[in-house]
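Enquirer: below is the sequence, then the predicted model.
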Amino acid sequence: MRRAVNGGKGADAKKVTLKTAKKAIHITQEGRRRLTLSNMGLTVFPKCLFKLSNVDELDLSRNLIQTLPANIGSFTSLRWLDLHSNKLESVPESIGNLVGLTHLNLANNCLTSAGLPSSLGCLCNLKSLNLGLNQLDSLPTTLERLDHLQELALFDNLFAKMPEFVQTLRNLTKLNVIRNPFTYAQASGERIKREKAEQKEEVYLVHESSLCKRCLRKCKAETERVLRGGRQGGRRGDRGDMFEEKKKTFSGLMTPNSVAAVTQDVWRIKAKKHQPISVLH
């Protein structure tokens, strides 16, 4: 490797020779030939790499590359391409020719939606696509053709809404969209706060086996107290109505209100057999 001199790329800019690139190739556990040129201060895509037609995986991450060659699509042997953490603002249309790609990482660049070509939808074997940490607010609709896509990362971008076609990707199992300014996020957050403010009482269902002896005794004592109040003709209000709905919904639960008095013997039989769940409030 030798430093470029007066090339307008800076004193620390480096240039990769074919000899250097060949030495950087190693065989992965899967038997693939991987060329790793990560974190080397590269400012341009090494053109000599096109002479290495047998390389399966290429790692140029953590460099300073601003543009990719227009003929990047001629690197047809690639199955795995990692360009994360560079300074890319766009991707050439010819990238769609890399139909053998299964993994493409373009995270942490300077990509805008205008810089993503529609030809990305031609990467029919793509399983993983990472576009996180860019400046994207939309995606080419052609990505809906990526039937084999399993992982899609869109985190830390500018999406105001989720691209509709994402829901049609039938094999997608992992989707990361955190830290995007989705328009519904604020409205949803305020709705949750409002609902919490309107809640006057919270009810928790806890299995008796999860309680210590002291808490279990306290819960049962409270249950019996409420039951006695029901048998004495206590007035049943909104609270009773609420628990009546719970009784109908959660069959087999101990219900601390007057409604349970009618079927008290049934509850006790179930308690002996199944260790019922108690209601804490």
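Expert: Thanks, I have the structure now. Residues are numbered from 1 along each chain as shown.
Enquirer: which residues touch residue 116?
Expert: 90, 91, 131, 136, 139, 140 (CB atoms under 8 Å, 6 or more residues apart in numbering). In short, each C-beta sits where N, CA and C put it, glycine included.
Enquirer: how far away is the first one from residue 134?
Expert: With distances defined as CB to CB, to the nearest Å, the gap from residue 90 to residue 134 amounts to 11 Å.
Enquirer: which one of these two has more residues nearby?
Expert: Ranked by neighbour count (other CB atoms under 10 Å), residue 90 and residue 134 place residue 134 first, with 24 against 16.
Enquirer: using PDB, write out the CA atom coordinates for stretch 59-74.
Expert: Coordinates of the C-alpha atoms in stretch 59-74 are reproduced here as PDB (Å, rounded to 0.1, in the frame of the first residue of the first chain):
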ATOM      1  CA  ASP A  59     -15.900  -5.100   3.000                       C
ATOM      2  CA  LEU A  60     -15.100  -1.500   2.400                       C
ATOM      3  CA  SER A  61     -16.700  -0.200   5.500                       C
ATOM      4  CA  ARG A  62     -15.400   2.600   7.800                       C
ATOM      5  CA  ASN A  63     -13.600   4.500   5.000                       C
ATOM      6  CA  LEU A  64     -14.200   7.900   3.400                       C
ATOM      7  CA  ILE A  65     -15.500   6.800   0.000                       C
ATOM      8  CA  GLN A  66     -17.900   9.500  -1.400                       C
ATOM      9  CA  THR A  67     -18.900   7.800  -4.700                       C
ATOM     10  CA  LEU A  68     -19.100   4.300  -6.200                       C
ATOM     11  CA  PRO A  69     -18.000   3.700  -9.800                       C
ATOM     12  CA  ALA A  70     -20.700   3.700 -12.300                       C
ATOM     13  CA  ASN A  71     -19.800   0.200 -13.300                       C
ATOM     14  CA  ILE A  72     -20.100  -1.300  -9.800                       C
ATOM     15  CA  GLY A  73     -22.700  -3.700 -11.400                       C
ATOM     16  CA  SER A  74     -19.900  -5.500 -13.200                       C
END
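Enquirer: list of residues touching it?
Expert: Applying CB under 8 Å, 6+ apart, the contact partners of stretch 59-74 are 13, 34-45, 47, 50, 82-98, 105.
Enquirer: swap in stretch 20-40?
Expert: So stretch 20-40 is contacted by 1, 14, 16, 46, 48-49, 52, 54-63, 79-80, 82 (CB under 8 Å, 6+ apart).
Enquirer: pull out the buried residues from it.
Expert: Using 16 or more other CB atoms under 10 Å as the test for burial, stretch 20-40 gives 20, 21, 24, 25, 33, 34, 35, 37, 40.
Enquirer: mean confidence for that stretch?
Expert: On average, the pLDDT along stretch 20-40 is 94.
Enquirer: report how far apart the opening and closing residues of that stretch are.
Expert: 12 Å (CA to CA, to the nearest Å).
Enquirer: also stretch 110-125?
Expert: 25 Å.
Enquirer: from here on, call the first residue 161.
Expert: Yep, numbering from 161; the last one is stretch 270-285 now.
Enquirer: one step back: let's see which of the buried residues of stretch 180-200 end up in helices.
Expert: 180, 181 (DSSP state H).
Enquirer: and the buried residues of stretch 180-200, which is closest to residue 380?
Expert: residue 194 (64.8 Å; CB to CB).
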